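Student: any chance you could fold what I've pasted below:
(chains A, B, C and D)
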Protein chains: 2
Amino acid sequence: MKPARTSPGRRTTIYDLAGLAGASPTAVSAVLNGTWKKRRISESTAARILRIADEQGYALNMQASGLRRERSHLIGMIVPKYDNRYFGSIAEGFEVMARARGLFPIITCTQRDPDLEIQAARAMISHQVDCLVATGATDPDRITELARAAGVRSLNLDLPGRLAPSVISDNRGGAKALTRRILAASEPARGAGEPLLFVGGRPGDHNTAERIGGFRDAHAEAGIAVDEELILAAGYAPEKSRRALEDLAARRPRLPAGLFVNSTISLEGVLQWSRASRHYGNHAPHIGCFDWDPLAAVLTENIVMLQQDVPAMLARLFDLVDSEETRPGVSEIPTRFAPV
Amino acid sequence: MKPARTSPGRRTTIYDLAGLAGASPTAVSAVLNGTWKKRRISESTAARILRIADEQGYALNMQASGLRRERSHLIGMIVPKYDNRYFGSIAEGFEVMARARGLFPIITCTQRDPDLEIQAARAMISHQVDCLVATGATDPDRITELARAAGVRSLNLDLPGRLAPSVISDNRGGAKALTRRILAASEPARGAGEPLLFVGGRPGDHNTAERIGGFRDAHAEAGIAVDEELILAAGYAPEKSRRALEDLAARRPRLPAGLFVNSTISLEGVLQWSRASRHYGNHAPHIGCFDWDPLAAVLTENIVMLQQDVPAMLARLFDLVDSEETRPGVSEIPTRFAPV
DNA sequence: CAAGTTTGCTCCATCGGTTGAGCATCGTTG
DNA sequence: CAACGATGCTCAACCGATGGAGCAAACTTG
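Tutor: Okay, the predicted model is just below:
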């Protein structure tokens, strides 16, 4: 038996507890992880060990346990940003559902930086996560490859990958429904046959491309030609949308009365511009936002907000976690309109 | 030497690499963690090992490494919610600064639930974090005790504790400055000597208590008596603030023209109520918010938002991390007004 | 009361990486 | 050419928890 060290500050181990309880480390381990009945440890010994563990404030060393068991009970998630309610609720919901399964969630935010995503994925793999979820990742397939090489399962959320199961919103369907609503609401203010403006997102990004697709679908359905110059997908940051609008307004005297805004972050830039420029005078433009924020919903006139169904997305994600599915495939979750 | 297993899906270990490189696991380990010069491994062997490690997509097993070294290079943080920009920017900034120090940040969100806080702290301690930061924790001292028992350093952020170093905002000073501004802005609309309304937060919570203190200070300075019935600290959730306002408005015909709102989350409820009730008719009440949100800043009239200085708070926090300070003590970081 | 079963425990190898100690081999120096 | 240092590596113990195998004592059964 290893010598018990009870020097202060030093972590208590099962060897220390074994010494104090007059039992073997094996017995202590069995009692602490609940396998003591199977291992025929007596009720009284178990009680004694538990009491001593509690007195000593014992905390299991998960590094040692995980090393031996080859399971960490960690589940990792990579998220791009914490600056909006969508990723915030994904993070919160993910943690609740992970804990309900006895997994410890670790989430890390990678600032939409591809290198940081890879670095974070590597770190999580090194820490032996049992499963890795890449949310809104720039290059999810790269992460899947890294994970696979280390025998770690990976899943994609929000943006799809080709190598692992993916759960995303029905971006095209949602964008089409949203565009229909903006077209209807802005009808009186729009010139006949005048198309809407699309603002925000990155054109290379799958979600933005799909949403532009839905935007086109709804225009086609209404018999309105899309004006290619009115598709401003210059990035998600507020300033990028604002600048794109300023540039466009400099070239055109009058912008459409209806706007499709691709995220609340882009909405920030749109509203800054519309307030500052007074382009729409005393009227508010008709806005449809593919994203939801409660303050924007309360404060903005003529806005309709589409909410991605985060609980349903996470439910599907954890179905995949539970079923140990590894084959690629995309689950598209319907969106809904936020209550006004 | 242990047998090399290259069965597919199985993780590659240094023993596998050693077999492939015709070297010992010791050499491989030394090369991979950079101590190979000190250990007099030749340049050529090092290069060979690195190449093979790369080819095999080797990922270090941090559980094993951490176990042996008694350092995990993990730094944990507990955060209450992800539903506002304040905690969002704390999380993002914390991750950046942790990574800059070679630490891997793991953040977990505990929904302002005291039990969950303790459970999460225990889990992080079990995973051997090198340092644990409790942000906005209900009972930070409990967490410090748990951490101390396991020989883990802990720090408090946003809410102070009595057992570990704490970094918080200058709540009282900030609240006083904010109250002054609301008093000034609402002057024309307020009756002479009429006090402001305080909405949001939990009265038991240190920050809320301090902010009410600053609120009182500014009133005293202006020679205005605070009306105790006008201090509504019923919780942070939007509905709680809304209901408190509805109840109060049912009892009083006219509420103050100036409001001190304790967070953006409470602001949501305040604005819902003010829109729905039309209590202020066509005028917007004068609001000062102890918290910042860009959409609220753009969209709300007559609002002034106080911003907690997250970068400065984190800089101070990591000073404490770096200096290995463990003695209790509170660092109060000045707040600032958000640009309009 | 011998043989077999059950009870209550312990021994020891193991997970993968790290590190102090040590051991050949080679080149240099007196 | 013996002695010595430098070079380039390997051995084996160890971190803490786990679990298969096994062992002594108590109890049951024929």
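Student: once you drop chain neighbours, what's closest to A:Pro203?
Tutor: Nearest non-adjacent residue to A:Pro203, counting by Cβ to Cβ, 6 or more residues apart in numbering or on different chains: A:Ala233, 4.4 Å away. To be clear about C-beta, it is placed using only N, CA and C from the backbone, and glycine gets the same treatment.
Student: which residue ranges of chain A form strands?
Tutor: Remark: strands assigned in chain A by DSSP state E are A:74-79, A:104-109, A:131-135, A:153-157, A:165-169, A:197-199, A:231-232, A:258-261, A:286-290, A:303-307, A:329-333, A:336-337.
Student: and these as TSV, adding mean pLDDT and distance to chain B?
Tutor: TSV is the format used below for those (pLDDT from 0 to 100; distance: least, Cβ to the nearest Cβ, whole Å):
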stretch	mean pLDDT	distance to chain B
strand A:74-79	97	7
strand A:104-109	94	4
strand A:131-135	98	12
strand A:153-157	97	10
strand A:165-169	98	17
strand A:197-199	97	15
strand A:231-232	96	19
strand A:258-261	97	12
strand A:286-290	97	11
strand A:303-307	97	10
strand A:329-333	98	20
strand A:336-337	97	18
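Student: go through those and name the closest to A:His206.
Tutor: strand A:165-169 (7.9 Å; Cβ to Cβ).
Student: so how far is the closest one from its chain's centroid?
Tutor: With Cα atoms, centre = their mean, to the nearest Å as the basis, strand A:165-169 stands 11 Å off its chain's centre.
Student: residue boundaries of the helices in the stretch 201-340 of chain A?
Tutor: Remark: helices assigned in the stretch 201-340 of chain A by DSSP state H, counting those that start in this stretch are A:206-221, A:238-251, A:264-277, A:294-299, A:310-323.
Student: report how many residues lie close to the closest residue to A:Arg180 other than its chain neighbours.
Tutor: Spatial nearest neighbour of A:Arg180, excluding adjacent residues (Cβ to Cβ, 6+ apart): A:Ala218 at 4.9 Å. Per other Cβ atoms under 10 Å in any protein chain shown, the neighbour tally for A:Ala218 reads 21.
Student: buried stuff in stretch A:225-243?
Tutor: Within stretch A:225-243, the residues that count as buried by 16 or more other Cβ atoms under 10 Å in any protein chain shown are A:226, A:230-238, A:240-243.
Student: tell me the one of the residues you listed nearest A:Met77?
Tutor: Minimum distance to A:Met77 across those is 19.6 Å, recorded for A:Tyr236 (Cβ to Cβ).
Student: lowest-pLDDT helix or strand in chain A?
Tutor: helix A:294-299 (a mean of 91; mean pLDDT, DSSP states H and E).
Student: now that one: how far from the chain's centre is it?
Tutor: With Cα atoms, centre = their mean as the basis, helix A:294-299 stands 22 Å off its chain's centre.
Student: show residues contacting that helix.
Tutor: Helix A:294-299 is contacted by residues A:85, A:264, A:267, A:271, A:289, A:303, A:305, A:338, A:340, B:238, B:264, B:267-268, B:271-272, B:275, B:293, B:295-296, B:299-300 when judged by Cβ atoms under 8 Å, 6 or more residues apart in numbering or on different chains.
Student: buried ones from those residues, can you make that a PyMOL selection?
Tutor: Command for PyMOL that selects the buried part of those, burial taken from 16+ other Cβ under 10 Å:
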select buried, (chain A and resi 85+264+267+271+289+303+305+338) or (chain B and resi 238+264+267+268+271+272+293+295+296+299+300)
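Student: number of nearby residues for A:His47?
Tutor: You called it His, but residue A:47 is Ala. 11.
Student: pLDDT score for the closest residue to DNA strand C within the stretch 151-300 of chain A?
Tutor: Proximity of the stretch 151-300 of chain A to DNA strand C (Cβ to the nearest atom of the strand) peaks at A:Gly151, 9.7 Å away. On the pLDDT scale, A:Gly151 is placed at 90.
Student: now A:His283
Tutor: pLDDT for A:His283: 86.
Student: can you count the residues close to A:Ala150?
Tutor: When neighbours are defined as other Cβ under 10 Å, A:Ala150 has 23 of them.
Student: quick one: contacts for it?
Tutor: The contact partners of A:Ala150, by Cβ under 8 Å, 6+ apart, come to A:Ile125, B:Arg11, B:Thr12, B:Gly57, B:Ala59.
Student: quick one, what contacts A:Ile14?
Tutor: Counted by Cβ under 8 Å, 6+ apart, A:Ile14 has contacts A:Pro25, A:Val28, A:Ser29, A:Leu32, A:Tyr58.
Student: and it, how close does it get to B:Leu67?
Tutor: As for A:Ile14, its distance to B:Leu67 is 14 Å (criterion: Cβ to Cβ, to the nearest Å).
Student: buried stuff in stretch A:53-65?
Tutor: Within stretch A:53-65, the residues that count as buried by 16+ other Cβ under 10 Å are A:Ala53, A:Gly57, A:Tyr58, A:Ala59, A:Leu60, A:Asn61, A:Met62, A:Gln63, A:Ala64, A:Ser65.
Student: wait, I meant stretch A:207-223
Tutor: Neighbour counts over stretch A:207-223 (16+ other Cβ under 10 Å) mark A:Asn207, A:Thr208, A:Glu210, A:Arg211, A:Ile212, A:Gly214, A:Phe215, A:Arg216, A:Asp217, A:Ala218, A:His219 as buried.
Student: cool, stretch A:302-320 as well?
Tutor: Of the residues in stretch A:302-320, those buried under the neighbour-count criterion (16+ other Cβ under 10 Å) are A:302-310, A:312-314, A:316-318, A:320.
Student: ditto for stretch A:156-175
Tutor: A:156-161, A:163-175.
Student: before we move on, back to that, let's see if you can find the most crowded of the contacts of A:Ile14.
Tutor: Busiest of the contacts of A:Ile14 [other Cβ under 10 Å] is A:Val28, holding 28 neighbours.
Student: A:Ala21 is in contact with that residue, correct?
Tutor: Yes: at 6.7 Å, A:Val28 and A:Ala21 qualify as touching, with contact defined as Cβ atoms under 8 Å.
Student: mutual contacts of the two, please.
Tutor: With Cβ under 8 Å, 6+ apart, A:Val28 and A:Ala21 have common neighbours A:Ile49.
Student: what residues does the stretch 151-300 of chain A have near chain B?
Tutor: Proximity of the stretch 151-300 of chain A to chain B (Cβ under 8 Å from any Cβ of the partner chain) is limited to residues A:151, A:238, A:264, A:267-268, A:271-272, A:275, A:293-296, A:298-300.
Student: what's the most distant pair in these?
Tutor: A:Gly151 and A:Arg275 (53.0 Å).
Student: okay, A:Asp115 and chain B: tell me how far apart.
Tutor: Distance, A:Asp115 to chain B, using Cβ to the nearest Cβ, to the nearest Å: 11 Å.
Student: what number of residues are in the vicinity of that residue?
Tutor: Neighbourhood size, A:Asp115 [other Cβ under 10 Å]: 10.
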